[in-house]
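Undergrad: for reference, the sequence and a predicted model appear below.
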Amino acid sequence: MYGQTEASPRMTYLDWKSFFKKIGSVGKPLKGYKVALQDIRGKKITTPEKKGEIVFSGKNVCLGYATSFLDLQKGDENKGILKTGDLGKFDKSNHLFVLQRKDKYIKFFGKRCNLTDVEKFLKKNSCKCKCYYENPNIVVSLKHNYNSKKIKKLLSNFLRVNSNFITVKKNSFKSYKEYKNEK
């Protein structure tokens, strides 16, 4: 299953018959809704295994965001379309796979997490690194050969998550742009 609050919240499901055949997939859109992928220019991607931003269409998409009561008069700003900020791909049978976030904000075990803040925290602890998200793990890409166990413990305490969901890669420092292009 895959969803976002802005889509009230469920968007896809994985049929139980496909559970072991489609490991890692979030399935297909709920009946009556559409999921598509868009490239950087906003063009629809139809080729299987090609990565793009997940775009959901349906009557359950929120109208927009309100910061004051006056915003409630705006009407439907989203027009039933939700650009999720997630990157994904379809396989040949149109099963959706969520790969990573488009930006550095993730939802990690139900908590919003800015990976730039994680990098700053580790930098304060003398660790130069870049952080990425590969579902379900945070990946710490190190510039130098630091103590992996120490970093996992520090980050586990900072984020209050099990260290098994933190992957440390030694001497693999890359810019975020290089990392995204690699995927």
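TA: Good, I have the coordinates.
Undergrad: quickly list the domain ranges of the chain.
TA: 2-101, 105-182 (automatic domain parsing).
Undergrad: okay, the residue sitting nearest the centre point of the chain: pLDDT?
TA: Geometric centre of the chain, nearest residue: Arg101, 3.2 Å, by C-alpha atoms, centre = their mean. On pLDDT, Arg101 comes in at 81.
Undergrad: and the next helix or strand past the helix ranked longest in the chain?
TA: Identified as the longest helix of the chain according to DSSP state H is helix 148-159. Sequence order places strand 166-169 as the next helix or strand after helix 148-159, per DSSP states H and E.
Undergrad: which stretches in this protein count as helices?
TA: Under DSSP H, the chain gives helices at 115-124, 148-159, 176-182.
Undergrad: how about these, which one is nearest Glu134?
TA: Smallest distance to Glu134 across the helices of the chain (C-beta to C-beta): 9.8 Å, for helix 176-182. In short, each C-beta sits where N, CA and C put it, glycine included.
Undergrad: ok, Lys169 - contacts?
TA: Val139, Val140, Ser141, Leu142 (C-beta atoms under 8 Å, 6 or more residues apart in numbering).
Undergrad: do you know how far it is from Asn157?
TA: Distance, Lys169 to Asn157, using C-beta to C-beta, to the nearest Å: 20 Å.
Undergrad: wouldn't the residue nearest to the centre of the chain be in contact with Tyr133 here?
TA: Yes - assessed by C-beta atoms under 8 Å, Arg101 is found in contact with Tyr133 at 5.7 Å.
Undergrad: counting by contacts, list what the top strand by length along the chain packs against.
TA: For the chain, the strand that runs over the most residues, judged by DSSP state E, is strand 81-90. The criterion is 3 or more C-beta pairs under 8 Å, 6 or more residues apart in numbering; DSSP states H and E, and the helices and strands that strand 81-90 contacts are strand 34-38, strand 52-57, strand 96-101.
Undergrad: try it again with 10 Å
TA: strand 2-3, strand 34-38, strand 44-45, strand 52-57, strand 96-101, strand 105-108 (3 or more C-beta pairs under 10 Å, 6 or more residues apart in numbering; DSSP states H and E).
Undergrad: tabulate the ones you listed (CSV), appending distance to Lys120.
TA: Shown next, in CSV, are the helices and strands packed on strand 81-90 (distance: least, C-beta to C-beta, whole Å):
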stretch, distance to Lys120
strand 2-3, 30
strand 34-38, 31
strand 44-45, 34
strand 52-57, 26
strand 96-101, 18
strand 105-108, 14
